[in-house]
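[1] Here is a sequence together with a model predicted from it:
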Amino acid sequence: MPQILPDFLSSVKLKYVKLGYQYLVNHILTLLLIPVVVAAVVQLLHVGPDEIITTVKSLQLDMVQILCSVFLILFISTVYFMSKPRPVYLVDYMCYKAPITCRVPFSTFMEHSRLILKDKPKSVEFQMRILERSGLGEETSLPPAIHYIPPKPNMEAARSEAELVIFSALDSLFNRTGLKPKDIDILIVNCSLFSPTPSLSAMVVNKYKLRSNIKSFNLSGMGCSAGLISIDLARDLLQVFPNSNAVVVSTEIITPNYYQGNERAMLLPNCLFRMGAAALLLSNKRRERSRAKYKLVHVVRTHKGSDDRAYTCVYEQEDPQGLVGINLSKDLMVIAAEALKSNITTIGPLVLPASEQLLFLFTLIGRKIFNPKWKPYIPDFKLAFEHFCIHAGGRAVIDELQKNLQLSAEHVEASRMTLHRFGNTSSSSLWYELSYIESKGRMKKGDRVWQIAFGSGFKCNSAVWKCNRTIETPTGGPWEDCIDRYPVHIPEVVKL
């Protein structure tokens, strides 16, 4: 039997149908207003100027009414603009780059593991298998104290590492922005596992002789997502204190946390975590708008600490021999997925176009009313963002988010290359990724960036930035001497 109607599924590309639907929904108000405006213009053209003047005179408004109306308009406008939140700008940032002497190639790492764990061959073999599949490259760095055999994770060495990475990042930031230490109004330092007394923020105040009335904060124990918590805190403070500069330092000190025991769940961080730090200058000053790189749009924080499983999935504890380390649970990826789901449910309505929100709503209603087996609709976040910075916590984290958010290889390129070149630098990894995108010349004016980070507790935090200006390839950044070699192919397994 010949076909009476054509096969539309094969003759029409459904992606174009979806594009048309998205355009229609996202511009529905404009499309509805156009006929109204046209009708009003046509009506005014038919009315002569004499009739318009006669109508205005017939209103019989006196000077008091006019002045009251003007005052009311000015009052409402003033209240509106004063109630609007102050814009927060990311003027610039700098990332720490370790010297060549701190690099730890695979061969060096494994040789040291065999010497340190010479009575524990199974632990050495386990670390080798993890390293082979980690996605790390040969140029990641560990602090000097870890290069000793055996390592010397004492307080003095930890302070030395903190001074090295924090002061280097801050010096680079001051040189790049021209900021003087006396111009800093707010200082926030976050480091999860190393919390000495005096604090790291006090160490910065002492080094740069900051003002006595500076508002300083030191965040500890908040995991790899603490960098975005610092951004959220800085944003709140900049809403309260006008005409202020805030400096945020995000780092993780590796020295005191190198585990030398035999528990496999606690050996895993040894293979992934590496040296790193980032220093950022945030400001609410209007004059900084022209030179600022980004404007902060949203910060969304999700905390799953009320669930015992989530609370203990990243847990610092002692092993049976009394050695302290970080225990990473097998349920970590499942818990991270649940936290991400809660986070994107909150951030979705803030950033997604109306077309995606309607599709998600229709699917949700259909599953509730008609058929619970319907596949849930996953919103296309690529319509809301041009760039994605996913915390480089490990290859499994990046793989899982790429699959769940349906991202392309280019969307997660910055995360994979950061993991390969610098390893897991904890809360500072997001800024190495952003620097990678800039170094590739991909950041254009108006582009939107989504930063996603996970941390102990368990937390999933995200921030949305909008690019203020097209950013030229930066000089002096962590990628300056190697960006031409990236992206590189990262095999599934690197045989050692």
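    Sure, I can see it.

[2] wait, is P320 part of a strand?
    No - counting by DSSP: H, G, I helix; E, B strand; the rest coil, P320 is not part of a strand but coil.

[3] Now do it against N262, distance only.
    Noted for P320: a distance of 9 Å to N262, by C-beta to C-beta, to the nearest Å. Glycine gets a C-beta too; all of them are placed from N, C-alpha and C.

[4] These two - which one has more neighbours?
    The neighbour comparison of P320 against N262 (other C-beta atoms under 10 Å) goes to N262, with 17 against 8.

[5] give me every residue that touches the more buried one.
    L117, K120, K122, S123, D319, Q321 (C-beta atoms under 8 Å, 6 or more residues apart in numbering).

[6] Same question for C460.
    Per C-beta under 8 Å, 6+ apart, neighbours of C460: S225, T302, K304, A336, A339, L340, S342, N343, I452, A453, F454.

[7] and the gap between the fifth one and S306?
    So that's A339. Taking C-beta to C-beta, one finds A339 at 12 Å from S306.

[8] And these two? Which one has more around it.
    A339 (24 against 7).

[9] Could you pull up the residues touching the more buried one?
    By C-beta under 8 Å, 6+ apart, the contact set of A339 is T302, K304, A310, F454, F458, K459, C460.

[10] For the nearest residue to I254 once chain neighbours are set aside, grab the count of nearby residues.
    Excluding the flanking residues, the one nearest I254 by C-beta to C-beta, 6 or more residues apart in numbering is P143, at 5.4 Å. P143 sits with 25 neighbouring residues when counted by other C-beta under 10 Å.

[11] And the pLDDT for P143?
    pLDDT for P143: 95.

[12] Contacts only, for it.
    So P143 contacts C102, A157, S160, E161, L164, I253, I254, T255, M275 (C-beta under 8 Å, 6+ apart).

[13] please redo it, this time with the cut-off set to 10 Å
    98, 102, 104, 151, 153, 157-158, 160-162, 164-165, 253-256, 258, 274-275 (C-beta atoms under 10 Å, 6 or more residues apart in numbering).

[14] likewise S429?
    95, 224, 227, 250, 252, 274, 276, 278, 389-393, 415, 418-419, 422-423, 451, 453.

[15] now it, what's its secondary structure?
    Per three-state DSSP, S429 ends up helix.

[16] Contact partners for the residue nearest to it when sequence neighbours are not counted?
    Once flanking residues are discounted, S429 sits nearest to A392: 4.3 Å by C-beta to C-beta, 6+ apart. Shown in contact with A392 (C-beta under 10 Å, 6+ apart): 135-136, 224, 272, 276, 398, 412, 414-426, 428-430, 432-433, 453.

[17] how distant is whichever strand or helix holds C389 from the center of its chain?
    Assigned by DSSP states H and E, C389 falls within strand 387-390. Taking C-alpha atoms, centre = their mean, to the nearest Å, one finds the center of strand 387-390 at 7 Å from the center of the full chain.

[18] Please name every helix or strand in contact with it.
    helix 395-404, helix 413-422, helix 429-439, strand 448-455, strand 459-467 (3 or more C-beta pairs under 10 Å, 6 or more residues apart in numbering; DSSP states H and E).

[19] Nearest to V41, out of the ones you listed?
    strand 459-467 (34.2 Å; C-beta to C-beta).

[20] and the angle from the closest one to strand 448-455?
    160 degrees (axes from the mean of the first three to the mean of the last three C-alpha atoms, to 10 degrees).

[21] Does S199 touch V205 like I think?
    Yes - with contact defined as C-beta atoms under 10 Å, S199 counts as touching V205 (9.2 Å).
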